[in-house]
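Asks: Build the 3D model from these lines:
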Amino acid sequence: MDFKLLMFAGVLSLVLGCHSQSPLIDVPSRSDNTAQHSTGPVTVSNVSSASAKIELSDGPGIAALFNKNYNENTDSCIQYGTGQVRGYYWCTGVVVRGVDNGNFDPWVPSPKALKLRATSYSWIRHDIDTNNLYHKAGYILLSGADVIAKTVPGIVGAIEFKCIYPFDAYTTRIMSRGHFGCDFEGTGIGLPNPPDSWGSCDDLLKYNTSAQWDDNFRRHGQINYNQCSWNIDNPQGWRNMIASRKSFTGQSSWNEMMMHNFGQLSTEPKMREIVRLWVTAFYYQSHRAGSLADAQAFQRKLAATDKRVPILKLDFSAPAASRFQYIAADQVAYP
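Replies: Okay, the predicted model is just below:
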């Protein structure tokens, strides 16, 4: 069984109250670091480990974990136990989703995301020069590698990521995109049996270099909604994404990752509960007015469900080593 389906089945049984479930995967010791990839040996950040755990109630520890992941230079992610090559989101950097503060739970997909059948996230790391995100506050996911390692006990993993764009692709403003927001606007490509991951750059246009992406972007007038996307599990696509961001210094937006909404099952209450289980922390952008108040509102809403996670200050002007900061005075319903 594909590990994504295995993870989903395990999470679903947890949500539905199953009383006898086995672990999703065995967790090796940190010394088990022998898997190989074409670019070199897999580093400890790419595999499960039995290192010290960080409790969800440990705000400073959660901040330290995300700072560590934010400052890595990993360029190879291989899923422990399957040998499957993954994109960078799997083992390095930090995945975030920004949301507005409204009369809804922030972890529930928006009406536009449900219509698109996919939800937008962003991936940030020290080497992609991101200094602003679309919404002033939101939530943070744990990487797949850290979920398998049970680095933060009680957190389960997000699945079904499909593609990544170097810049904001306006996916919820251009609703005619095919394949869960990963296709070009207006082409309407139909995939009757969609693969786990798919990108219009590599799987449709057969690109494999950042120069090809750059040329395409220029030929389309550098219009964000005309970007092609990279397959989420194509490591070269991730390297190209990072390189292309450096080629267009006039672009100041974040990147955009698309996650399929479980074939629209996320409209069901029990599927919404799964998304709630992903949330590892809330963040607020310190340079945006009202951002802390939004994060505090999110924290109160989550605490009302008997789950408490920290609020982290995301300061893009701070040194990379302390980009995420835990401040006790920011917390209103934690620990």
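
Asks: Give the burial count for residue 81, as a bare number.
Replies: A count of nearby residues for residue 81, using other CB atoms under 10 Å, gives 17. To be clear about C-beta, it is placed using only N, CA and C from the backbone, and glycine gets the same treatment.

Asks: wait, it sits on residue 144?
Replies: No. When contacts are counted by CB atoms under 8 Å, residue 81 is not listed as touching residue 144 (11.3 Å).

Asks: list the contacts for the residue nearest in space to the middle of the chain?
Replies: With distances taken as CA atoms, centre = their mean, residue 95 lies nearest the centre of the chain, 3.3 Å away. Counting by CB atoms under 8 Å, 6 or more residues apart in numbering, residue 95 touches 89, 121, 122, 123, 140, 141, 143, 158, 257.

Asks: how far away is it from residue 103?
Replies: 26 Å (CB to CB, to the nearest Å).

Asks: do the same with residue 232
Replies: 32 Å.

Asks: Three-state assignment for the closest residue to residue 182 other than its chain neighbours, please.
Replies: Of all residues beyond its chain neighbours, the one nearest residue 182 is residue 163 (3.8 Å), with distances taken as CB to CB, 6 or more residues apart in numbering. Judged by DSSP: H, G, I helix; E, B strand; the rest coil, the three-state class of residue 163 is strand.

Asks: Equivalent analysis for the one 10 residues further on, please.
Replies: The local conformation at residue 173, judged by three-state DSSP, is coil.

Asks: List the contacts of it.
Replies: Per CB under 8 Å, 6+ apart, neighbours of residue 173: residue 225.

Asks: coming back round to it: the residue nearest to the centre of the chain and residue 257: what is the separation?
Replies: In terms of CB to CB, residue 95 sits 7 Å off from residue 257.

Asks: Need the overlap of contacts for these two.
Replies: Common neighbours of residue 95 and residue 257 (CB under 8 Å, 6+ apart) are 89, 121, 122, 123.

Asks: For the helix or strand containing the last one, name the packing helices and strands.
Replies: For residue 123, the host element (DSSP states H and E) is strand 118-124. Contact partners of strand 118-124 among helices and strands, from 3 or more CB pairs under 8 Å, 6 or more residues apart in numbering; DSSP states H and E: strand 94-98, strand 161-165, strand 256-260.

Asks: Could you list the paired strands of it along with their orientation?
Replies: strand 94-98 (antiparallel), strand 256-260 (antiparallel) (DSSP bridges).

Asks: Excluding chain neighbours, what is closest to residue 73?
Replies: residue 127 (7.1 Å).

Asks: give me the number of residues near residue 65?
Replies: Neighbour number of residue 65 under other CB under 10 Å is 21.

Asks: Show the model's pLDDT score for it.
Replies: pLDDT, residue 65: 98.

Asks: I'd like to check which residues are in contact with it.
Replies: 54, 146, 151, 152.

Asks: which SS class is it?
Replies: helix.

Asks: Can you name the residues bridging to the residue nearest to the centre of the chain?
Replies: Residues in beta-bridge contact with residue 95 (DSSP bridges): residue 123, residue 141.

Asks: show me where pLDDT drops low in the stretch 1-150 of the chain?
Replies: Where the stretch 1-150 of the chain drops to pLDDT under 70, the residues are 1-51.

Asks: Please enumerate the strands of it.
Replies: 36-37, 40-41, 77-78, 85-86, 94-98, 118-124, 137-141 (DSSP state E, counting those that start in this stretch).

Asks: Between the ones you listed, which one is closest to residue 202.
Replies: Closest of these to residue 202 is strand 85-86, at 13.3 Å (criterion: CB to CB).

Asks: Of the contacts of residue 95, just say which sits nearest to residue 251.
Replies: Closest to residue 251, out of all of the contacts of residue 95 and judged by CB to CB, is residue 122, at 13.9 Å.

Asks: Out of the shared contacts of residue 95 and residue 257, which comes closest to residue 203?
Replies: Distances from residue 203 to the shared contacts of residue 95 and residue 257, taken by CB to CB, are shortest for residue 89, at 17.5 Å.

Asks: List the contacts of the closest one.
Replies: 77, 95, 123, 143, 144, 161, 164, 232, 257.
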